[in-house]
Each structure stands twice: as C-alpha cells, then as structure tokens.
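Trainee: Give me a 3D structure for the following:
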Amino acid sequence: QVQLVESGGGLVQAGESLRLSCTASGRSFSTLHVGWFRQAPGKEREFVAAITWTGSISNYADSVKGRFTISRDNAKNTVDLSMNSLKPEDTAVYYCVAGRPADWRTSAGWHYWGQGTQVSVSS
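Mentor: Okay, here's the model as predicted:
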C-alpha cells in the first residue's frame with residue numbers, strides 16, 4: 001500500500017513559479033511510476049506529467065512542456081513538480097499519482113492518488 005501527500009500549493013501571480021512536492025509512504029514506491037494530474041473547476045481531470053520508477057524517462061502534457069519539470073528522489077520517497085512561468089489557466093487542484101499504468105495520460109490507470117493541493121494563478 002502507498003499513501004501520497006501533496007504540499008506546496010498556493011496563490012501566485014502569472015509569470016511566477018511554484019514547486020509542488022509529494023511524499024509517499026510504503027516500501028513499493030521506488031518500483032512505481034509517479035506523476036501529476038490536475039483538475040480545474042468544471043473541467044475534466046487531466047494529465048500533467050509523469051516519470052518512470054527509475055527516473056530516466058519523463059513525459060509532459062503539451063500545455064506545460066517547457067515550463068514544468070517533474071523529478072523524483074527514491075531515497076526520500078518524494079516526487080516534485082517545478083512549475084515556472086505560471087499562467088491563469090494552470091489554476092487547478094493538483095494530484096500526485098503512483099502506479100504502473102499502461103497509458104500514463106489516462107487517470108484510470110493510476111492506482112494511488114493523493115488528496116490534492118490547490119494552485120491558483122492570478123492574472
């Protein structure tokens with residue numbers, strides 16, 4: 001069993017940066033792929049970024065590519081999402097996920113979910 005707890009959300013202005021962290025408990029964390037999804041009010045939950053269990057391969061949604069960076073530290077059981085050049089459309093609840101999905105971009109494939117952390121970007 002793996003439990004995920006996000007932190008680092010908040011309110012920032014457009015163009016600023018924010019770093020989200022996710023701390024995992026459970027011995028199997030280092031064998032799982034991890035990622036981030038987000039959900040804005042009235043919208044579907046969408047894929048943001050993911051990284052393999054080794055940390056060697058990462059993938060990003062087109063909307064955040066070049067602005068967001070995902071990283072993990074298996075020794076600390078953490079996964080971070082560095083977000084730069086934030087835009088108002090990045091406003092959402094961000095969820096940390098872990099699992100072994102066949103399709104990273106589909107939420108149904110991720111087995112473990114955190115409670116979410118709010119990110120708000122003002123214009």
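Trainee: so where's the chain uncertain?
Mentor: Within the chain, not a single segment meets pLDDT under 70.
Trainee: where's the residue at minimal distance from the centre of it, which helix or strand?
Mentor: Taking Cα atoms, centre = their mean, the centroid of the chain lies closest to Trp36, which sits 2.2 Å from it. Following DSSP states H and E, one finds Trp36 within strand 33-39.
Trainee: returning to that earlier point: just grab the bridge partners of the residue nearest to the centre of the chain for me.
Mentor: Ala49, Cys96 (DSSP bridges).
Trainee: For burial, what's the neighbour tally of the residue lying closest to Phe37 once chain neighbours are set aside?
Mentor: In this structure, Phe37 finds its nearest non-sequential neighbour in Tyr95, 4.7 Å apart by Cβ to Cβ, 6 or more residues apart in numbering. The way it works is simple: take the backbone N, C-alpha and C, and place the C-beta from them, glycine included. When neighbours are defined as other Cβ atoms under 10 Å, Tyr95 has 23 of them.
Trainee: what's near enough to touch Tyr95?
Mentor: By Cβ atoms under 8 Å, 6 or more residues apart in numbering, Tyr95 lies in contact with 6, 36-39, 45, 113-116.
Trainee: Kindly recompute the last result at 7 Å.
Mentor: 36-38, 113-114, 116 (Cβ atoms under 7 Å, 6 or more residues apart in numbering).
Trainee: Then Phe29?
Mentor: By Cβ under 7 Å, 6+ apart, Phe29 lies in contact with 2, 77, 98.
Trainee: Could you dump those residues into TSV and include neighbour count, distance to Glu89 and secondary structure?
Mentor: What follows is the contacts of Phe29, written out as TSV (neighbours: other Cβ atoms under 10 Å; distance: Cβ to Cβ, whole Å; DSSP: H, G, I helix; E, B strand; the rest coil):
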residue	neighbour count	distance to Glu89	secondary structure
Val2	18	30	coil
Asn77	18	31	coil
Ala98	26	26	strand
